[in-house]
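> sequence unknown, structure follows:
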């Protein structure tokens, strides 16, 4: 670890991934990347290089995913109301890490974010920034950092809107990155073979 951050990472892994497999037979987060690493585990490892505490939020019934993420080094919590959307899953992660000094919220279907980008976000949050987001070629990407002043607002999230309202009302610290991974998620089988 190059930088010891006091920020906690939340890895949101409770979605259904229906565009990847409409039948729901294969969890895209367990699908292997070309090097054999499951998608969610690759996303977790990038966070764990920088952040000592990574909590993954999964849906009930996703025990195989929970075990894989636990083996990768994450704490795992089940979002019992994950069906209500990303906001509900994010709130479940905040409840499980309520005493954190700040959070970096990452999506488990985005395995190509560089650890350098994550470290930059962590440094901003540790330095007192309210909300932090990377920008790649003019587009805001993931993950997003939140200072502890947003604890109550994050705990109150529900539904599928996520933290959009906080992003729209807060003072967002944005910085440019040369990291296309901040925009690259996995929605289809073809995406598994996308170049980093």
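Received the coordinates, thanks. None of the values given here were measured: they were computed from a predicted structure.

> C-alpha only now, for contacts and for neighbours.
Fine.

> distance of residue 33 from residue 108?
Distance, residue 33 to residue 108, by Cα to Cα, to the nearest Å: 13 Å.

> Would you mind telling me which of those two has more residues around it?
Using other Cα atoms under 10 Å, the more surrounded residue of residue 33 and residue 108 is residue 108, with 25 against 19.

> wait, that one sits on residue 39?
Yes: using Cα atoms under 8 Å, residue 108 is in contact with residue 39, at 7.1 Å.

> List the residues that are in contact with both of these two.
residue 29 (Cα atoms under 8 Å, 6 or more residues apart in numbering).

> you'd agree residue 83 is in a strand?
No: using DSSP: H, G, I helix; E, B strand; the rest coil, the secondary structure at residue 83 is helix, not a strand.

> show me what contacts residue 132?
Neighbours of residue 132 in contact, by Cα under 8 Å, 6+ apart: 121, 124, 125, 144, 145, 146, 172, 173, 174.

> Could I get the contacting residues of the most centrally placed residue in the chain?
Most central in the chain under Cα atoms, centre = their mean is residue 106, positioned 1.5 Å from the mean C-alpha point. Residues in contact with residue 106 (Cα under 8 Å, 6+ apart) are 9, 10, 11, 12, 142, 143, 144.

> Would you list the phi and psi of it?
phi -120, psi 160 (degrees, to the nearest 10).

> Quick check on the contacts of residue 106: which are buried?
For the contacts of residue 106, a burial check counting by 16 or more other Cα atoms under 10 Å picks out 9, 10, 11, 12, 142, 143, 144.

> So residue 77: helix, strand or coil?
Quick answer, by three-state DSSP: residue 77 is strand.

> for the helix or strand of the chain with the lowest mean pLDDT, which positions count as buried?
Sorting the helices and strands of the chain by mean pLDDT, DSSP states H and E puts helix 164-169 at the bottom, at a mean of 80. Judged by neighbour count using 16+ other Cα under 10 Å, the buried positions of helix 164-169 are 166, 167.

> what is the mean pLDDT for the next helix or strand after that helix?
Reading on from helix 164-169 to the C-terminus, the next helix or strand found by DSSP states H and E is strand 172-176. Averaging pLDDT along strand 172-176 gives 94.
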